[in-house]
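Enquirer: Got a predicted model here, sequence first, then my questions.
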Amino acid sequence: MSDPEVREGDESAEVEESPVPARDERFGLNLGNPVESEGAAFSWLVVVIVAGVSIAAVAKLISPLASLIWILILLAILAVPIFKGLRHQLGSPDDDE
C-alpha cells in the first residue's frame, strides 16, 4: 500500500515535537491534574507504584525505620509542588498577568 499524498496546505501531515517538555511534564511523565487528563492519571499511578515499591525495598533491605524516613522524604518532595500550587491559587489574580 502506498502512503496517502500530502498536500502543501495540509497542516496535520507532520507535527514537530518540541524538545522542551510541557509545563506539567517532568521526567517524561505528565504530572498535571489527574482529574482532567487520563495521561496524567496514568503517570501519577506509575509514580505511586514506583514509590511504593521503593518503600517496600528499603523496608526489606535496610530496616522499617529507614523506610519510615524514606516515606517522610518522599512526602516532603511531594509537598513542595502542592504548596507552590496552593500559593499560586490563593495569590492575587493580578499575579497571573
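Expert: Cool, the structure landed. Residues are numbered from 1 along each chain as shown.

Enquirer: which regions of this protein sit below the pLDDT cut-off?
Expert: By pLDDT under 70, the low-scoring segments of the chain are 1-30, 91-97.

Enquirer: Quick check: the gap between I77 and E38.
Expert: Computed as CB to CB, to the nearest Å, the I77 to E38 distance reads 24 Å. (Glycine included, C-beta is placed from N, CA and C.)

Enquirer: Check R87 too.
Expert: 28 Å.

Enquirer: What residues of whichever helix in the chain runs longest count as buried?
Expert: Using DSSP state H, we find that the single longest helix of the chain is helix 64-90. By 16 or more other CB atoms under 10 Å, the buried positions in helix 64-90 come out as S67, W70, I71.

Enquirer: mind putting those residues in a markdown table, distance to I55 included?
Expert: Output for these, formatted as a markdown table (distance: CB to CB, whole Å):
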| residue | distance to I55 |
| --- | --- |
| S67 | 5 |
| W70 | 6 |
| I71 | 6 |
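
Enquirer: and which of these is nearest F83?
Expert: Nearest to F83 among the buried residues of helix 64-90, counting by CB to CB, is I71 at 18.2 Å.

Enquirer: correct me, but the closest one touches G52?
Expert: No: I71 lies out of contact with G52 (CB atoms under 8 Å); the separation is 10.0 Å.

Enquirer: for this structure, what spans make up the helices?
Expert: Using DSSP H, helices in the chain cover 38-61, 64-90.

Enquirer: can those helices go into CSV with extra columns for distance to G32?
Expert: Shown next, in CSV, are the helices of the chain (distance: least, CB to CB, whole Å):
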stretch, distance to G32
helix 38-61, 4
helix 64-90, 11
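
Enquirer: can you tell which of the ones you listed is closest to L31?
Expert: Among these, helix 38-61 sits nearest to L31 (CB to CB), with 5.7 Å.
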